[in-house]
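Asks: one predicted model, sequence on top.
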2 protein chains.
Amino acid sequence: MSVVIRPKVTIREVALASGVARSTVSKALAGKAYVRPETKTRVIEAARRLGYRASSLARGLRLQQTWSVGLLLADVSNPFFPDIVRGIEDLLWSREFNLIVCNTDYRKDKEAAYLRHLLDRQLDGLILASTASDSDEVLQLQEQGTPFVMLNRRHKSVSTDYVGMDNEGGVRATIAHLHALGHRRIGFIKGRADSSAAEERFQGYRSAMRAFGLSVEDRHVTQGDYSIESGRDAAAHFLRAGELPTAIVSANDFMAFGAMGVFAGAGIAVPDRISITGFDDIFVSALPEIDLTTVRPNSRQLGASAAELLLERIASVGATGIEAGGIDTSEPRDIIVPTELIVRGTTTSVQQ
Amino acid sequence: MSVVIRPKVTIREVALASGVARSTVSKALAGKAYVRPETKTRVIEAARRLGYRASSLARGLRLQQTWSVGLLLADVSNPFFPDIVRGIEDLLWSREFNLIVCNTDYRKDKEAAYLRHLLDRQLDGLILASTASDSDEVLQLQEQGTPFVMLNRRHKSVSTDYVGMDNEGGVRATIAHLHALGHRRIGFIKGRADSSAAEERFQGYRSAMRAFGLSVEDRHVTQGDYSIESGRDAAAHFLRAGELPTAIVSANDFMAFGAMGVFAGAGIAVPDRISITGFDDIFVSALPEIDLTTVRPNSRQLGASAAELLLERIASVGATGIEAGGIDTSEPRDIIVPTELIVRGTTTSVQQ
DNA sequence: TTGTAGGCGTTATCAG
DNA sequence: CTGATAACGCCTACAA
């Protein structure tokens, strides 16, 4: 069966059908210029009848816009990300923008390749959730005037628009909770060394410990990389390191899972012998089998805030007008989304 | 600081800089026509020096392509999807295509709105992973000649390109496993009623039971909707329905989790008193605390296959040539990605 | 082998 | 209030 394709109807057909010029059709449909109401309705009617839909390709070429933004993240299949993606996408959808998702696997080369590619596509803006904190590309974006927002990872040297969660506050709330339960020897499993969020979470641990007059002992702090596996390593470390803490705060849920498994295997009951907490509240943590006390970042809102900030930035760049020879010079903005401690079954008062 | 934006360098600048016509630059850079090697290198050199990158907007308008495909799914934050998305994105990336992700929340109106929107964007193709199995829009896409692939959900009446997993085979393998362990009374929790995949999984259950000469009793089959909550309901149903099965096969992991929780709460040990299996092998299922025997669909490959099929379809449409007045007429293709039974701790031999 | 010209589908400008 | 015109940046016949 060889179906004949009705070629896409263009503005020209509408102009013909309604007996006006193409430019008039454009105005009538956009509704932003004086058009006699009478002709306006005629045009609209013709457009409707013909099923006319403006080509966003042509319009984009003319207007130098694409109504699309790109998202660079490490890996969508990492359960930390989907909620953020969802939040971003929801907001973009409400503004008729599209989201292009790019997985970089934490690889700088892939990230750079994507960035080049996306710039060719003339996306209106970028959300950077994976970029290394010392990336040169970010500098270039900045110079170039491309609107972008950093998500959860700050750049080391440049100040940019940033949206992140209250990492410090989340951990502080965790420590306060543990302290109230009588815990004094509290260990910490750090996240990826190159992540500013991990750094902030550790900072929260240190400041809260200090605030409660508790000492931070080296053997009670160990480095992880956010993976389940590294959580297992961390637990093993604690088991070897002499007197066990009564509670362990992990910089994310995954590592907490790993640690829980090891302790359970070693016959150390959670939470009776040792309390464990996480960070991220990925959905698994709520399952009765896990039931992890953790910090909920409100990832959707995080994503939505990032998207919103980006769109504002895009709008203001457009307003200033690149063609005017200047870029948006307003101050970089910083948005911190609050976090919430979710108390579940892996923490309990310290047993004597 | 008002940085002056260097406007994007166009083909014109390159032409000027290398002293040739724009068309020559185009040819030299595309490498698909005769250009004297000497001038070719000169052009390439100039392009490199100026940092020229062709505008894909302009090229797209000219070529009527966007090198982008859209993905309609219910919700990225449903753990079933991210791996699929990842598989799609990986393959697209390798072919320099972009992926636009759209969440429809199973809502027909949102789906239709997205479809309209994406068609305006003139995407090269679509992957439909959320469309209701009786959607009219799918018919329209078909008529219109827009390349698309259905993922995991078949359309009721129209035959289209389809990529899915071996749902039947997965469940059959599960039943065989349980049968080998001595189970004879095997219950089943069905998935969403409007999902063809759910239908196939149930079909696998029935055919395998029959093959082993086991009877399918109504009270041992209950309807769920893929949610954890509905798994709890299902378990409650089994508890009320008289003699408990010795094993329960769930149409997905979530419902298995829900059921496990209820049985544990009711003092019915898993797997000692009752074996439970799932389907999807979302990452949680591998955690020692869950350790669910389940069917692994290889979601990444599923996504990759869908993307690959779509790109082939796009290429063949291009070859036939829409402007030639015909569409791609080759037969719809069907790809079934194999599934694999992962035996873990929630199944054991039946206790006498 | 290279250049000229036209058009992809819009919208903004400016004259009428 | 409406229409002609040009331009966004690229590619491809076709002519030279």
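Replies: Arrived safely. In this text, all values refer to a predicted model and were calculated from it rather than measured experimentally.
Asks: tell me the phi and psi of the residue of the stretch 101-250 of chain A found nearest DNA strand C?
Replies: Here the stretch 101-250 of chain A gets closest to DNA strand C at one residue, A:Gln122, 13.5 Å apart by CB to the nearest atom of the strand. The C-beta positions use only the backbone N, C-alpha and C, and glycine is treated the same way. With angles defined as degrees, to the nearest 10, A:Gln122 sits at phi 50, psi 50.
Asks: try the one 5 residues further on
Replies: Note on A:Ile127: backbone dihedrals following degrees, to the nearest 10 are phi -110, psi 120.
Asks: before we move on, the earlier item: what's the burial count for the residue of the stretch 101-250 of chain A closest to DNA strand C?
Replies: Counted by other CB atoms under 10 Å in any protein chain shown, the residues lying close to A:Gln122 total 19.
Asks: again, but for A:Gly187
Replies: A:Gly187: 26 neighbours (other CB under 10 Å).
Asks: that one belongs to a helix?
Replies: No - counting by DSSP: H, G, I helix; E, B strand; the rest coil, A:Gly187 is not part of a helix but strand.
Asks: how about residues contacting stretch A:303-322?
Replies: A:65, A:69, A:83-92, A:95, A:97, A:124-127, A:129, A:145, A:147-149, A:151, A:161, A:163, A:326-330, A:333, A:335, A:337, B:5, B:7 (CB atoms under 8 Å, 6 or more residues apart in numbering or on different chains).
Asks: what about the residues you listed, which are in strands?
Replies: Cross-referencing the contacts of stretch A:303-322 against strands under DSSP state E gives A:Val69, A:Gly125, A:Leu126, A:Ile127, A:Phe148, A:Val149, A:Leu151, A:Val163, A:Ile335, A:Val337.
Asks: returning to that earlier point: which among the contacts of stretch A:303-322 count as buried?
Replies: Among the contacts of stretch A:303-322, those classed as buried by 16 or more other CB atoms under 10 Å in any protein chain shown are A:65, A:69, A:83-92, A:97, A:124-127, A:129, A:145, A:147-149, A:151, A:161, A:163, A:326-328, A:335, A:337, B:5.
Asks: those residues also near DNA strand C: which ones?
Replies: Here nothing survives when the buried ones among the contacts of stretch A:303-322 are matched to DNA strand C using CB under 7 Å from any atom of the strand.
Asks: can you list the neighbours in contact with stretch A:271-278?
Replies: A:174, A:177-178, A:181, A:183, A:244-250, A:252-257, A:259-260, A:263, A:268, A:270, A:285, A:292-295, A:345-348, A:350-351.
Asks: which of the residues you listed count as buried?
Replies: A:174, A:177-178, A:181, A:183, A:244-250, A:252-257, A:259-260, A:263, A:268, A:270, A:285, A:292-295, A:346-348, A:350.
Asks: stretch A:149-169 spans what distance, first to last residue?
Replies: From its first residue to its last, stretch A:149-169 covers 22 Å (CA to CA, to the nearest Å).
Asks: check the offset of it from the chain's centre.
Replies: Relative to its chain's centre, stretch A:149-169 lies at 10 Å (CA atoms, centre = their mean, to the nearest Å).
Asks: how about it: buried residues?
Replies: Applying 16+ other CB under 10 Å to stretch A:149-169 flags A:149-155, A:160-169 as buried.
Asks: equivalent analysis for stretch A:22-32, please.
Replies: A:Thr24, A:Val25, A:Ser26, A:Lys27, A:Ala28, A:Leu29.
Asks: got CSV for those, with distance to B:His117 too?
Replies: Below are these laid out as CSV (distance: CB to CB, whole Å):
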residue, distance to B:His117
A:Thr24, 26
A:Val25, 21
A:Ser26, 20
A:Lys27, 23
A:Ala28, 22
A:Leu29, 17
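Asks: now, those residues that are in helices?
Replies: Judged by DSSP state H, helices contain the following of those: A:Thr24, A:Val25, A:Ser26, A:Lys27, A:Ala28, A:Leu29.
Asks: tell me the contacts of the first one?
Replies: Taking CB under 8 Å, 6+ apart, we find A:Thr24 in contact with A:Ala15, A:Val35, A:Thr39, A:Val43.
Asks: and for the second one?
Replies: Neighbour list for A:Val25: A:Ile11, A:Val14, A:Ala15, A:Ser18, A:Val43, A:Ala47 [criterion: CB under 8 Å, 6+ apart].
Asks: just those that are near DNA strand C?
Replies: Okay, of the contacts of A:Val25 touching DNA strand C (CB under 7 Å from any atom of the strand), that's A:Ile11.
Asks: near chain B at all, the lowest-mean-pLDDT helix or strand in chain A?
Replies: Here the helix or strand of chain A ranked lowest by mean pLDDT, DSSP states H and E is helix A:136-144, holding a mean of 84. Yes - using CB under 8 Å from any CB of the partner chain, helix A:136-144 reaches chain B at A:Glu143, A:Gln144.
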